[in-house]
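[1] How does the following fold in three dimensions:
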Amino acid sequence: SWQTGDGQRLPRLPGVLDLEGAFSRANGASVHRYLPLGIPADARHYVRDAIVKGEVRDIAVRVKGDLRHVATNNPAPGNEFRIAGMTQGVTMAYVPRALQPADQPAWPALVDLSGELIFENASMRVRDARARVQGHPGWQFTQIQAGIADLAHARVLVDSEGHGPLSAALGIAKASPVAGFTQHALDHAEGSGESALRLKLDLPIDDIDKSQVDGRVSLKGNDLRLSADSPPLGQARGDISFSHTGFAVHDVRVQLLGGVAQVSGGMHHKPGEPVPDVVVRAHGVATAEGLRGMTDWAPLPALAQHA
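    Numbers count the residues shown, from 1 in each chain. Modelled structure (predicted):
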C-alpha cells in the first residue's frame, strides 16, 4: 500500500510505501530501474552499466517506510528496502569501460554469472556466484563474493577463487590493468597445465586509478617460462603473487637444467627509481645434460662439455 505523508511530520511526497511481492523473472539489464531515486544517480548509472545482460529469477521485494529514506544504510526503525534474486546468464562489467582512463586496458567482464544478487538498504551484493571470464576460454571462477557497501560512495570489493589453464590465468593478467601494475614484466610469460587463482579487487569507482589488486596463482606441477629469454621451469609447484605494486615468486620448486631447484624473487622497488628491477633467483643442482640443452644460454653448453 502507498499513501502520502501527513504534510506535517512527513512531507506529502514521495510518501510512505508498504510493499512485499515476488517476480518470477526480470531482465538483468533493467534492474537499475527498480532502485529508489534516493540512491545517487551516479550509483544507479553504475548498476545500469555494470549489469550488461542476463536474467534475474525468483525475485523477492520488500519496501517499507518513508520513501525518502528507505535506501540508506542506517534506516529509521520500521524502514526496509530489499530486492533479491538469482542471476542467470548475466554479463557483469564490474568496472564499466567508461570509468577507466582511455589508455588503460579494460577489466575483463564476467560472463554466464550465476549467483544471488541482493540490493539491501544502500548496498549491493553478489553472493556465492560463479562465472567465466570474457575472452579467456577455460577459466572458471567457482566462488565469487562481490559488493558495494554504500552505493552513495561506490567502492567495489571482489573476493574470488577459480581454476583453469595457467595460460588463461596469465592471459587475464596480461590483458587487464594488472599488466601495468607489474610493469609488463609478465607480458611474455607462458605456461601450461591446470592452475588455481585467488583474486581480490578493491576498486573505488570514483577514483579508479587507486584500484588495489591482490592475486595468488597456485602452480600444481605446471610448465612455466617467465620470459622469452629465461629458462623453462618444469613441474613447477608453489605460488606466484601479484598486486598493484608488482609480482613475486614464492619459493617455487621446479625442474631446471636437468635437476631440481627452488625459484624465488620478483619486482624490487628502489628508492628514487621510477621503474622497479625484476630479480629472480634459482638455487639447486644442474646436470651436464641439462646445461648442454640450453643452446640459447651461451656459454652454458660449452661449460657443460667439461663437466
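[2] And stretch 276-286, what's buried?
    Residues Pro276, Val278, Val280, Ala282, Ala286 are the ones in stretch 276-286 that count as buried (16 or more other Cβ atoms under 10 Å). (Each C-beta comes from the backbone N, C-alpha and C, glycine too.)
[3] Give me the number of neighbouring residues for the closest residue to the second one other than its chain neighbours.
    Which is Val278. Spatial nearest neighbour of Val278, excluding adjacent residues (Cβ to Cβ, 6 or more residues apart in numbering): Ala185 at 5.1 Å. Neighbours of Ala185 under the rule other Cβ atoms under 10 Å: 21.
[4] i'd like the first residue to be 30 from this point on
    Fine by me, first position is 30 from now on; the one you just mentioned is Ala214.
[5] Please name the residues that touch Ala214.
    Counting by Cβ atoms under 8 Å, 6 or more residues apart in numbering, Ala214 makes contact with Ser256, Gly275, Phe276, Met296, Val307.
[6] Now a ChimeraX select for only the buried ones of these.
    Buried members of those, defined by 16+ other Cβ under 10 Å, are picked up in ChimeraX with:
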select :275,276,296,307
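[7] And the furthest pair within the contacts of Ala214?
    Distance extremes for these: the farthest pair is Ser256 and Gly275 at 15.1 Å, using Cβ to Cβ.
[8] ok, now which ones touch Val308?
    Gly294, Gly295, His297.
[9] ah, wrong one, I meant His192
    Contacts of His192 (Cβ under 8 Å, 6+ apart): Trp168, Gln169, Thr171, Glu223, Ser224, Ala225, Leu226.
[10] isn't there a strand covering it?
    Yes - counting by DSSP: H, G, I helix; E, B strand; the rest coil, His192 falls inside a strand.
[11] That one and Val289, how far apart?
    26 Å (Cβ to Cβ, to the nearest Å).
[12] any idea how far whichever strand or helix holds Val278 is from the chain center?
    Element membership for Val278 (DSSP states H and E) is strand 275-285. Remark: strand 275-285 is offset 23 Å from the chain centroid, using Cα atoms, centre = their mean, to the nearest Å.
[13] one step back: quick check, nearest of the contacts of Val308 to Lys82?
    Gly295 (38.7 Å).
[14] Now do the strands in the stretch 130-279 of the chain.
    In the stretch 130-279 of the chain, the strands defined using DSSP state E, counting those that start in this stretch lie at 139-149, 152-162, 169-177, 184-194, 219-221, 223-233, 241-254, 262-272, 275-285.
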